[in-house]
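Quick one, what's the 3D model for this:
(one chain, ligands or ions: 1)
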Amino acid sequence: MNDNRKQQEFFKKAYDLGSQRVPSGYGWPMEIDPQQLKFLNIVKQSTSSGNALDIGCGQGRHTFMLAENGFDAYGIDFLERPVVEAQDKAKNEKLQNIHFKVMDVLDLDFPDNFFEVILDWSVVDHIYPKDWAKY
Ligand SMILES: C[S@@+](CC[C@H](N)C(=O)[O-])C[C@H]1O[C@@H](n2cnc3c(N)ncnc32)[C@H](O)[C@@H]1O
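Here you go, the predicted model:
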């Protein structure tokens, strides 16, 4: 199994566990992270519009935070399942300024200099050292 596949299997298992993923020790919180709120407040001192990228967005908790705060928010994740769940939520909430795509951060498909803001909550720590420079 190659490294990327190993990572994908790990996260697939986490999503299979659903709301059990945190007690099982296989996951991460569902609520907005307080550090990301602090980050947002710092960002908003310089800008509160433009394109914002949430790398490895999962079910999009921080992508929604960015959209609700005026950014045109893009969430990418290399797994289809959380992206579809996030897309469904965005559709239900009738949000226009939020976009989710299945995409590997190591193979980004956006124009250069497209983003004003980039957020990463616990993705870089899953990138292998050989890929750090590319990341
Ligand atoms: C620890 S979870 C955090 C999810 C989300 N950032 C949050 O705060 O809820 C890491 C996420 O990054 C995704 N991921 C890991 N490596 C990735 C990569 N190379 N490209 C895109 N997504 C990746 C996983 O599928 C998973 O959804």
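
For the helix or strand harbouring F39, list the C-alpha coordinates in PDB.
Element membership for F39 (DSSP states H and E) is helix 34-44. The C-alpha trace of helix 34-44 is given here as PDB (Å, rounded to 0.1, in the frame of the first residue of the first chain):
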ATOM      1  CA  PRO A  34     -11.300  27.700  19.300                       C
ATOM      2  CA  GLN A  35      -7.900  28.300  17.800                       C
ATOM      3  CA  GLN A  36      -9.500  28.600  14.300                       C
ATOM      4  CA  LEU A  37     -11.900  31.300  15.800                       C
ATOM      5  CA  LYS A  38      -8.800  33.200  17.000                       C
ATOM      6  CA  PHE A  39      -7.200  32.800  13.500                       C
ATOM      7  CA  LEU A  40     -10.400  34.100  11.900                       C
ATOM      8  CA  ASN A  41     -10.400  37.100  14.100                       C
ATOM      9  CA  ILE A  42      -6.800  37.900  13.200                       C
ATOM     10  CA  VAL A  43      -7.600  37.500   9.500                       C
ATOM     11  CA  LYS A  44     -10.600  39.700   9.800                       C
END
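
So which elements touch it?
The contact analysis (3 or more Cβ pairs under 8 Å, 6 or more residues apart in numbering; DSSP states H and E) places helix 34-44 against helix 61-68, strand 117-120. Every residue, glycine included, has its C-beta placed from N, CA and C.

same thing but at 10 Å, please
With contacts taken as 3 or more Cβ pairs under 10 Å, 6 or more residues apart in numbering; DSSP states H and E, helix 34-44 sits against strand 51-55, helix 61-68, strand 117-120.

quick one: the strands in the protein?
Under the criterion DSSP state E, the chain carries strands at the ranges 51-55, 72-77, 98-102, 117-120.

thinking again about what came up before, need the helices and strands packed on helix 34-44 in JSON lines with mean pLDDT, can you?
Formatted as JSON lines, the helices and strands packed on helix 34-44 follow (pLDDT from 0 to 100):
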{"stretch": "strand 51-55", "mean pLDDT": "98"}
{"stretch": "helix 61-68", "mean pLDDT": "97"}
{"stretch": "strand 117-120", "mean pLDDT": "97"}
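
Among these, which comes closest to M30?
helix 61-68 (6.6 Å; Cβ to Cβ).
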